[in-house]
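Undergrad: sequence and computational prediction follow.
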Amino acid sequence: MTAGTSRLVTEVLQRSRRALIWTSQALGKDMTASAAAVTEIAGFIGAGLAGAGYVPQISHLIRAHCSAGISRPAFEVWLLASVLTTARAIAIHAGVFITLGGIQILATALIMFYAARYKDTPCPSHLPGKPTAKVATGTGASKFQLTHLRGRHDCIS
């Protein structure tokens, strides 16, 4: 960076800083408080959405008694991470993150409990089986395509 460019960058940063300070003073604390309230509400909505994201998994575990696809070690790590971050949120009195942490701890613990309870009990849609491919007739497929999709190669002379 040249000396001229360095001076220009420094001047722009100083002016931006002064403008930011002036704007925040001009708006006053009321504007800051209302912005904080809006972001806090948004944070609680986000925490609720995070909790809603767990519902399909927990619902499937409970209704279908199916733990297929659940990585218990991964959920153990997520539970530990949630406990640790929630402990920090409690220490700094961060309501949104305490709520989020509580939701994550509860949901992760439920998933771990039901995954252990229904270990090795896949539902019918998760049962292992060999995949089958069926050929639909009347789809405009050529005789060559139908023959080879069915696995018959007796058409080769």
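TA: Arrived safely, thanks for sending.
Undergrad: average pLDDT across the helix or strand containing residue 42?
TA: Taking DSSP states H and E as the criterion, the element that holds residue 42 is helix 3-64. When the per-residue pLDDT values of helix 3-64 are averaged, the result is 76.
Undergrad: which SSE is immediately downstream of it?
TA: With elements assigned by DSSP H and E, the helix or strand that comes after helix 3-64 is helix 72-91.
Undergrad: can you give me the angle whatever helix or strand comes next after that next one makes with helix 72-91?
TA: Of the helices and strands lying after helix 72-91 in sequence (DSSP H and E), the nearest is helix 95-117. Relative orientation of helix 95-117 with respect to helix 72-91: 160 degrees, computed using axes from the mean of the first three to the mean of the last three C-alpha atoms, to 10 degrees.
Undergrad: what packs against helix 95-117?
TA: Here helix 95-117 touches helix 3-64, helix 72-91, going by 3 or more C-beta pairs under 8 Å, 6 or more residues apart in numbering; DSSP states H and E. Any C-beta I mention is one placed from the backbone N, CA and C, and that applies to glycine too.
Undergrad: which residues touch that helix?
TA: Residues outside helix 95-117 that contact it (C-beta atoms under 8 Å, 6 or more residues apart in numbering): 40, 43-44, 46-48, 50-51, 54, 57-58, 61-62, 67, 70, 72, 75-76, 78-79, 82-83, 85-86, 88-90.
Undergrad: now, of the residues you listed, which are buried?
TA: Applying 16 or more other C-beta atoms under 10 Å to the contacts of helix 95-117, the neighbour count classes 43, 47, 51, 54, 57-58, 61, 67, 70, 75, 78-79, 82, 85-86, 89 as buried.
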